[in-house]
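Enquirer: sequence? don't have it. structure:
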């Protein structure tokens, strides 16, 4: 099997969210004359990520993160709770204080900025909960995108220091929050269409193709596709430049076949939940050091058993320097991993979910013991 790739952390950085709230407050004609105004705006824009405090297990992480606190149907209630907590913004006696309704609207706008910034990444945001678990991912920017964040920070600092140009600088930052990702999303769509046409002209049978932003997109991208030949499925990863031209040799991974994914999902709620989250899952033999605590511990070559590591490629990078940086983070590994042990008939015996960056691990479980 191919070498397992190191991958990135998996949440839009809180600095970008906080900066968006500050810019929104600074762009207003008047703001409450309180030292709390900017800090509370930053907090409102970052508030939806409060869900991470409740994600004490991989199952809860899948169910909760970027879920109800990032949901459009829940937006009025969530922003109302924030408005109630942010009394300094509407407190009587504060010069230029917001009305309570104005504070409510402001908090809703901050949360909407947060939802937008999460939707433009590759993770997926469940904006329709509790009515649907559909994950919206627009694949416009990398998880931590300096081309997006650095101008926002510069404009925020300049707006704080230059009173005469404060609103114009803050407005420029808000425009950048939408303009830059929108351009990247448009480029992604164009590159996807071009690559799909090229592969079809070469007679390559592609079941699915997605172009992911890489570090410093839109200058670098990664094309990931699931291909089929003679009933054998593979996942192909190609690093691309700004014109969607290959910039490195293609990497090929064994795919989890759709029929195998359906069979696993029917045997386990945990598998079903995780596989619904993945994009074009890869399935490789499980490294022996991951078998500790399983039925195969000390029996790595036991006849008739199969062990699998299942994950996807969305959080990787085609750039060597980016991979080197990723390798230095705590718990560096593939962020979301499903480990499976199957018997000779392909029936699931044990399963385990490990989310390295959030340091959550189900440990080895009997197959189907988690009903989701």
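Expert: Nice, I can see it. Owing to the predicted nature of the structure, the values given are computational and were not obtained by experimental measurement.
Enquirer: And the helices in the stretch 251-372 of the chain, which stretches?
Expert: 258-267, 269-277, 320-327 (DSSP state H, counting those that start in this stretch).
Enquirer: what is the mean pLDDT for the first one?
Expert: The average pLDDT for helix 258-267 rounds to 94.
Enquirer: Kindly report the same for stretch 51-63.
Expert: 91.
Enquirer: buried ones in it?
Expert: Neighbour counts over stretch 51-63 (16 or more other C-beta atoms under 10 Å) mark 51-52, 55, 57-63 as buried. All C-beta atoms are positioned from the backbone trio N, CA, C, and that covers glycine.
Enquirer: just the helices of the stretch 251-372 of the chain: most buried one?
Expert: Highest mean neighbour count of the helices of the stretch 251-372 of the chain: helix 269-277, a mean of 20 (counted as mean count of other C-beta atoms under 10 Å).
Enquirer: Next, the angle from it to helix 258-267.
Expert: Calculated by axes from the mean of the first three to the mean of the last three C-alpha atoms, to 10 degrees, helix 269-277 forms an angle of 140 degrees with helix 258-267.
Enquirer: Other residues contacting helix 269-277?
Expert: Identification of contacts with helix 269-277 by C-beta atoms under 8 Å, 6 or more residues apart in numbering yields 58-59, 62-63, 124, 133, 135, 256, 261, 264-266, 281, 310, 336, 338, 340, 348, 351, 353, 362, 365, 368, 370-372.
Enquirer: now do stretch 245-256
Expert: Contacting residues not belonging to stretch 245-256 are listed as 1-2, 220, 226, 233-241, 275, 280-284, 308, 310, 313, 318 [C-beta under 8 Å, 6+ apart].
Enquirer: Just the buried subset of the residues you listed, written out for PyMOL, thanks.
Expert: Those of those that count as buried under 16+ other C-beta under 10 Å are selected in PyMOL with:
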select buried, resi 220+226+233+235+236+237+238+239+240+275+280+281+282+283+284+308+310+313+318
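Enquirer: Residue 147 belongs to a helix?
Expert: Yes - applying DSSP: H, G, I helix; E, B strand; the rest coil, one finds residue 147 inside a helix.
Enquirer: Look up how far residue 141 lies from it.
Expert: Distance of residue 147 to residue 141, computed by C-beta to C-beta, to the nearest Å: 8 Å.
Enquirer: tell me, what's touching these two both at once?
Expert: Jointly contacting residue 147 and residue 141 under the rule C-beta under 8 Å, 6+ apart are 180, 217.
Enquirer: and the two? which has more neighbours close in?
Expert: Per other C-beta atoms under 10 Å, whichever of residue 147 and residue 141 has more neighbours is residue 141, with 24 against 16.
Enquirer: tell me the mean pLDDT over stretch 173-181?
Expert: Stretch 173-181 comes out at a mean pLDDT of 97.
Enquirer: Give the buried residues for the helix or strand containing residue 174.
Expert: Residue 174 is part of helix 166-201 when elements are defined by DSSP states H and E. By 16+ other C-beta under 10 Å, the buried positions in helix 166-201 come out as 166, 169-174, 176-177, 180-181, 184-185, 187-188, 191-192, 195-196, 199.
Enquirer: Now find how far off-centre that helix is within its chain.
Expert: The chain centre lies 17 Å from the centre of helix 166-201; the measure is C-alpha atoms, centre = their mean, to the nearest Å.
Enquirer: For the stretch 101-250 of the chain, which segments are assigned as helices?
Expert: In the stretch 101-250 of the chain, the helices defined using DSSP H, counting those that start in this stretch lie at 146-161, 166-201.
Enquirer: Of all the ones you listed, which one comes closest to residue 99?
Expert: The closest of the helices of the stretch 101-250 of the chain to residue 99 is helix 166-201. By C-beta to C-beta, the value is 20.5 Å.
Enquirer: Which secondary structure elements does that closest one sit against?
Expert: Applying 3 or more C-beta pairs under 8 Å, 6 or more residues apart in numbering; DSSP states H and E, one finds that helix 166-201 contacts helix 14-26, helix 100-119, helix 146-161, strand 206-213, strand 221-229.
Enquirer: so of these, which one's packed in deepest?
Expert: Note that of the helices and strands packed on helix 166-201, helix 14-26 is the most buried (mean count of other C-beta under 10 Å), with a mean of 23.
Enquirer: Against which helices or strands is that one packed?
Expert: Secondary-structure packing of helix 14-26 (3+ C-beta pairs under 8 Å, 6+ apart): helix 37-46, helix 100-119, helix 146-161, helix 166-201.
Enquirer: I'd like the ones you listed as TSV, with distance to residue 76 appended.
Expert: Compiled in TSV, these are given as follows (distance: least, C-beta to C-beta, whole Å):
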stretch	distance to residue 76
helix 37-46	14
helix 100-119	7
helix 146-161	27
helix 166-201	22
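Enquirer: Please identify which of the ones you listed is closest to residue 129.
Expert: helix 100-119 (11.6 Å).
Enquirer: which strands and helices sit next to the closest one?
Expert: Under the contact criterion of 3+ C-beta pairs under 8 Å, 6+ apart, helix 100-119 touches helix 14-26, helix 37-46, helix 75-85, helix 166-201.
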